[in-house]
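S.K.: Show me how the following folds:
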Amino acid sequence: MMRFLPHPLLTPILAAVWLLLNNSLAPGHILLGLLLGWAIPWFTLRFWPERVRIHRPMKLLRFVAVVLYDIVVANLVVARRILGRPERLRPAFVSVPLSLETDLAISLLANTICLTPGTVSARLAPDRKCLLVHGLHVPDAEALVAGIKARYEAPLKEVFEAC
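M.R.: Coordinates of the predicted model:
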């Protein structure tokens, strides 16, 4: 079964993303979404270095909800700052020390930071112990680091790296 359906959780997610992107529940789109949801994981199987294990699925759902909430709030905050007084912005690069170890968890953290308006992951240190993040408005670098570690890194560690 694993040969035919290598990533059973990814297949319906990709199919759902396809349907959302097309904004249609037409039978042809459903069929094509399921086909893509099966084909993409199957054809990319050799590029996956390790099998993905989700240790705490409910924590993952909570993480997704937190990220979606943060994206909405950050959009409003960034819009207000840009349209208000952009000269008051205090952009900065901040180094975030990482306790994550797996490639998947680090990649998800970096992408989550990029998805949240006002922050961008700029560089991962060669030893993978530190992530350089650019913030659009950083009055307190320590608060930014603490927020990233608490809201994003800690849940990812529990979901993907828990023993």
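
S.K.: In the chain, which residue is most central in space?
M.R.: Centroid check for the chain by Cα atoms, centre = their mean gives T112 as the closest residue, at 3.3 Å.

S.K.: ok, how many other residues are close to A74?
M.R.: 16 (other Cβ atoms under 10 Å). Any C-beta I mention is one placed from the backbone N, CA and C, and that applies to glycine too.

S.K.: who touches the residue nearest to it when sequence neighbours are not counted in this structure?
M.R.: Leaving aside its chain neighbours, A74 sits nearest to P117 (4.3 Å; criterion: Cβ to Cβ, 6 or more residues apart in numbering). P117 is in contact with I71, A74, N75, V77, V78, L136, counting by Cβ atoms under 8 Å, 6 or more residues apart in numbering.

S.K.: where's the third one relative to G118, distance?
M.R.: Separation of N75 from G118 (Cβ to Cβ, to the nearest Å): 9 Å.

S.K.: More neighbours: which of those two?
M.R.: Higher neighbour count among N75 and G118: G118, with 20 against 13, using other Cβ under 10 Å.

S.K.: ok, for the more buried one, nearest residue in space, not its chain neighbours?
M.R.: L136 (4.2 Å).

S.K.: thought the one you found was touching A92?
M.R.: No - taking contacts as Cβ atoms under 8 Å, L136 lies outside contact range of A92: 9.1 Å.

S.K.: which one of the two has more residues nearby?
M.R.: Legend: neighbour count by other Cβ under 10 Å for L136 and A92, higher for L136 (18 against 15).

S.K.: before we move on, the earlier item: on the three-state scheme, the residue nearest to A74 is what?
M.R.: coil (DSSP: H, G, I helix; E, B strand; the rest coil).

S.K.: Can you report phi and psi for H134?
M.R.: When read as degrees, to the nearest 10, the backbone of H134 gives phi -100, psi 130.

S.K.: mind listing what it touches?
M.R.: P91, A92, F93, V94, T119, V120, A122.

S.K.: Give me the pLDDT value at the closest residue in space to S95 that isn't next to it in sequence.
M.R.: Here the nearest residue to S95 in space, its sequence neighbours aside, is C130; by Cβ to Cβ, 6+ apart that works out to 5.4 Å. You'll see C130 listed with a pLDDT of 97.
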